[in-house]
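Engineer: Sequence and predicted structure are below.
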Amino acid sequence: MSGSSLITYGLSSLLFGSFTVNLLLGKSGGAIIGNLAEMLLLAGSVAMFGIGTLISEARGKSRD
């Protein structure tokens with residue numbers, strides 16, 4: 001795995017972790033961010049994961 005794909009996977013994990021924490025806090029009534037920001041966190045997490053996957057696949061194909 002390359003460094004750039006690890007960075008994007010790390011960012012994806014960070015964004016998804018923030019989403020999860022806010023979701024759990026919202027369940028107890030103390031959400032930090034609103035619905036729109038929550039949706040953007042989740043979309044950003046998915047985008048970073050997708051980019052990381054594409055980078056990994058491209059590097060794998062170039063080795064073949």
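Structural biologist: Arrived safely.
Engineer: chain center to the helix or strand containing residue 44, what's the gap?
Structural biologist: Element membership for residue 44 (DSSP states H and E) is helix 35-63. Centroid separation between helix 35-63 and its chain, computed with CA atoms, centre = their mean, to the nearest Å, is 7 Å.
Engineer: Summarise which helices and strands it is packed against.
Structural biologist: helix 3-27 (3 or more CB pairs under 8 Å, 6 or more residues apart in numbering; DSSP states H and E). Bear in mind the C-beta positions are built from the backbone N, C-alpha and C, glycine included.
Engineer: Counting by contacts, list what the helix it packs on packs against.
Structural biologist: Here helix 3-27 touches helix 35-63, going by 3+ CB pairs under 8 Å, 6+ apart.
Engineer: Show me what counts as buried in the helix it packs on.
Structural biologist: Using 16 or more other CB atoms under 10 Å as the test for burial, helix 35-63 gives 38, 41, 42, 44, 45, 48, 49, 51, 52, 55, 56.
Engineer: What is the nearest of these to residue 6?
Structural biologist: Closest approach to residue 6 among the buried residues of helix 35-63 (CB to CB): residue 52, at 7.8 Å.
Engineer: OK, contacts around that closest one?
Structural biologist: Counting by CB atoms under 8 Å, 6 or more residues apart in numbering, residue 52 makes contact with 5, 6, 8, 9, 12.
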